[in-house]
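Participant: mind folding the following:
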Amino acid sequence: MPYRLEMSESSRKGLARIAAEQIGRARRDLARRDTVEGIHKLRQRCKRVRAILRLARPALGGHYARENGRFRDIARAVGGPRDEQILIDTFDALLAAQGKSVDRRQFTPTRQQLLKRHRQALETSAMPDMAWLEAELERARHALEDWTPAIDRFRSLREGMVETNRRARQAMKRAEHASDEAAFHEWRKQVKYHRHHCELLSGVWKVPMEARAREAHRLADLLGEEHDLAMLAQVLREPDVAVQDQDKTRLVLEMIGERRLRLQREALLLGGRLFAERPGALGKRIKRYRNVARREARKAAPAVS
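Facilitator: Next comes the predicted model:
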């Protein structure tokens, strides 16, 4: 079933179903022959479960910290050298975006340094402890019986969405005034939670909620590219990379700076629209949508003879 709470099911049963589906898929991802892709998928499952926990946080009490920490640790355990590959992909995309204005062959030495870092990361990083990961996911599956009963009302989910929306809105304002990578990265994390919450609650009114989720996804992608460029700039300033060809490194850093400014401006414009509404007003609107959706679900339910 989709990553969505159905209006015909209770909040408790719905989120228990969705979380169980994500954990089950994460376990299948571990068993994939394509380990790299499987780990990438596993990390996505962890983010989705953490979004479920964040949505239900007002009702969970101490369960939230325990389970959120569990899925955070699982995702960290399978990080590996993927970040180094992202740096190479970001470097290639940056040069490709310049078109014919630059000769990409001039920057081969810099790319070779990034490839060297990637190889070293592959050589030094240990394979994830698959037995531990499997055991943690099994414990997480059993733990559903502990924390999902606490979700007894839709109100707590609405409050969870309002709080995440508020955090995203505040992070946007900080990013607008700080204009540094840390502020934009924090905004991105909150935007991704908001996107998942729109997906989870899209059953209240499918078309506008899915549209909001798509725009949040687009915003997260803009902020993701901005973050990747910031990380690439940080690496290029390290002595073992920068000293190889200082002139070319300076040119790449200038390209990065220009691209980041464009991404920041585009993100702030989109964010200004997405978070124009006050969180409390959004919560009231979700409540009204849900009330109508529940009435529709009851009318559509088959009569019991």
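Participant: in contact with Ala65, which residues?
Facilitator: Neighbouring residues of Ala65 by Cβ atoms under 8 Å, 6 or more residues apart in numbering: there are none. Every residue, glycine included, has its C-beta placed from N, CA and C.
Participant: before we move on, what about Ala301?
Facilitator: Ala301 touches Ser8, counting by Cβ under 8 Å, 6+ apart.
Participant: for it, report the pLDDT, please.
Facilitator: We have a pLDDT of 71 for Ala301.
Participant: how far away is it from His118?
Facilitator: 55 Å (Cβ to Cβ, to the nearest Å).
Participant: same thing with Ile52?
Facilitator: 33 Å.
Participant: so for the two, which sits in the more crowded spot?
Facilitator: Ile52 (26 against 18; other Cβ atoms under 10 Å).
Participant: for the more buried one, grab phi and psi.
Facilitator: phi -60, psi -50 (degrees, to the nearest 10).
Participant: residues contacting it?
Facilitator: 15, 18-19, 22, 196, 200.
Participant: after the host helix or strand of Leu53, which helix or strand is next?
Facilitator: In the assignment (DSSP states H and E), Leu53 maps to helix 35-55. Following helix 35-55 in sequence order, the next helix or strand is helix 57-60 (DSSP H and E).
Participant: just for the stretch 101-250 of the chain, where's the confidence low?
Facilitator: 125-127, 241-244 (pLDDT under 70).
Participant: need the longest helix for the protein.
Facilitator: helix 206-236 (DSSP state H).
Participant: what helix or strand is the residue nearest in space to the middle of the chain located in?
Facilitator: Nearest residue to the geometric centre of the chain (Cα atoms, centre = their mean): Lys192, 4.3 Å. In this assignment (DSSP H and E), Lys192 forms part of helix 181-200.
Participant: quick check: angle from that helix to helix 206-236?
Facilitator: 160 degrees (axes from the mean of the first three to the mean of the last three Cα atoms, to 10 degrees).
Participant: what angle do helix 181-200 and helix 35-55 make?
Facilitator: 80 degrees.
Participant: circling back to that earlier point, which parts of the longest helix of the chain are buried?
Facilitator: 209, 212-213, 215-220, 222-233, 235-236 (16 or more other Cβ atoms under 10 Å).
Participant: quick revisit: now do the helix holding Lys192: which elements does it pack against?
Facilitator: If contacts are counted by 3 or more Cβ pairs under 8 Å, 6 or more residues apart in numbering; DSSP states H and E, helix 181-200 sits against helix 35-55, helix 154-178, helix 206-236, helix 246-274.
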